[in-house]
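Novice: sequence? don't have it. structure:
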DNA sequence: CGGGATCTCTTTAAGCTTCAAGCAATTTGG
DNA sequence: CCAAATTGCTTGAAGCTTAAAGAGATCCCG
């Protein structure tokens, strides 16, 4: 039987420094870009990133969606969405209607004002993102897309294995 | 003079959908992993992610560091670090001393307890991260490292251009 | 020196975020 | 049909986060 230096007993601590460094780099990139987008949104439109994100989700679906849908798509808690929606309804950007077939459900939509303001912000936002990634070639971008898709799948597999 | 389909007036809206999709995918990956790590830290050690991150920074430097250093390394605001450190000193994980040569400066260190607890958590944390990225090959990982380094540089260039 | 600029840190207000508990409506399985 | 489970949403407590203003200490340069 052959044993090489890679063979180890499972109880012994293995070296996973590479994965850790990868995670930290991923986190750094996201934090950096997120901070930049947050600053620009605030200084240019006086809006917070979570509000922009929420409106972005709603803009994708003309008919609006429920709080649960928003919560799943934004990957934040239900209670969080409740508060965000409340503030955006208050400011006139959102509209909420109770479903007629299920009185637990609230349909949320962008108002005319909300949609108009969002579209203006989104157009500029897109150019910021383009500039932030401007030093990447097309090949870099498609390669990064591929690897991130793989990363996402791997992370989901890991999360599911823990919570069956 | 030659004009091809790529030539456009700068005022016309260009299509940057690819970069936007890349950014959303990057954000999704980070959110997914961050949420997973947050859950596990809470359920396994009853500690929050920001506290773990702060202790991780301190663990790298035996002599400790100042609040400003922490703030820069963690990429969060000064006030944020003030509060985190306060709670961790309260719980006995951190130790703070005022510099003798500059009375503005506070040196922060892990206490014996803090270091011991962090090391235990860090060892397990590393295996979680390894599992989360387990479906990526070595080549995937090194390629991702390279592309994220390029992304980071590009984002920093973009941020600097805005705030000179 | 001296006074303005800068640096370190804290404080405050507002908002974001999570988790857990809870309420009401609906669905499901005897 | 009805009780139990599930679903959709809200609430409350605790903690995180930022931006902005401010207090004190140090630095710099005229």
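Specialist: Here it is on my side, so go on. Here the structure is a predicted model, which is why all the values come from computation and not from measurement.
Novice: all contacts plus neighbour counts: C-alpha atoms, from now on.
Specialist: Fine.
Novice: Secondary structure element for residue A:37, which one?
Specialist: helix A:17-45 (DSSP states H and E).
Novice: Just the element for residue A:76, please.
Specialist: For residue A:76, there is no enclosing helix or strand under DSSP H and E.
Novice: quick one on the thing from earlier: now the element after the helix holding residue A:37, going C-ward?
Specialist: With DSSP H and E, the next secondary element past helix A:17-45 is helix A:49-60.
Novice: Relative to the whole chain's centre, how far out is that next one?
Specialist: 10 Å (Cα atoms, centre = their mean, to the nearest Å).
Novice: Can that helix be said to contact DNA strand C?
Specialist: Yes: contact between helix A:49-60 and DNA strand C is present through A:50-51 (criterion: Cα under 7 Å from any atom of the strand).
Novice: For that helix, name the packing helices and strands.
Specialist: With contacts defined as 3 or more Cα pairs under 8 Å, 6 or more residues apart in numbering or on different chains; DSSP states H and E, helix A:49-60 has these neighbours: helix A:17-45, helix A:67-74, helix A:78-90, strand A:106-110, helix A:112-132.
Novice: which residues make contact with it from outside it?
Specialist: If you take Cα atoms under 8 Å, 6 or more residues apart in numbering or on different chains as the criterion, helix A:49-60 is touched by A:37-38, A:41, A:64-65, A:70, A:73-74, A:84, A:88, A:108-110, A:114-115, A:118, A:122.
Novice: for stretch A:134-146, same thing?
Specialist: With Cα under 8 Å, 6+ apart as the test, stretch A:134-146 has contacts from B:18-19, B:22, B:25, B:144, B:147, B:150-151, B:154.
Novice: Can you pull the residues of chain A lying near DNA strand C?
Specialist: A:48, A:50-51, A:75-80, A:83-84, A:87, A:101-104.
Novice: Now which of the contacts of helix A:49-60 would you call buried?
Specialist: Among those, those classed as buried by 16 or more other Cα atoms under 10 Å in any protein chain shown are A:37-38, A:41, A:64-65, A:70, A:74, A:88, A:108-110, A:114-115, A:118, A:122.
Novice: Redo the contacts of stretch A:134-146 as a markdown table? Include neighbour count, distance to residue B:133 and pLDDT.
Specialist: Below are the contacts of stretch A:134-146 laid out as a markdown table (neighbours: other Cα atoms under 10 Å in any protein chain shown; distance: Cα to Cα, whole Å; pLDDT from 0 to 100):
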| residue | neighbour count | distance to residue B:133 | pLDDT |
| --- | --- | --- | --- |
| B:18 | 16 | 24 | 94 |
| B:19 | 24 | 24 | 95 |
| B:22 | 21 | 19 | 97 |
| B:25 | 19 | 16 | 97 |
| B:144 | 23 | 11 | 98 |
| B:147 | 18 | 16 | 98 |
| B:150 | 17 | 20 | 98 |
| B:151 | 25 | 19 | 98 |
| B:154 | 20 | 24 | 97 |
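Novice: how about TSV for these, with distance to DNA strand D added?
Specialist: Below are the contacts of stretch A:134-146 laid out as TSV (distance: Cα to the nearest atom of the strand, whole Å):
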residue	distance to DNA strand D
B:18	26
B:19	23
B:22	22
B:25	20
B:144	25
B:147	24
B:150	22
B:151	20
B:154	20
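Novice: Distance to residue B:31 added to those, as JSON lines?
Specialist: Converted to JSON lines, those look like this (distance: Cα to Cα, whole Å):
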{"residue": "B:18", "distance to residue B:31": "20"}
{"residue": "B:19", "distance to residue B:31": "18"}
{"residue": "B:22", "distance to residue B:31": "14"}
{"residue": "B:25", "distance to residue B:31": "10"}
{"residue": "B:144", "distance to residue B:31": "17"}
{"residue": "B:147", "distance to residue B:31": "19"}
{"residue": "B:150", "distance to residue B:31": "21"}
{"residue": "B:151", "distance to residue B:31": "18"}
{"residue": "B:154", "distance to residue B:31": "21"}
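Novice: tell me which of those is nearest to DNA strand C?
Specialist: For the contacts of stretch A:134-146, the minimum distance to DNA strand C (Cα to the nearest atom of the strand) is 16.6 Å, reached by residue B:25.
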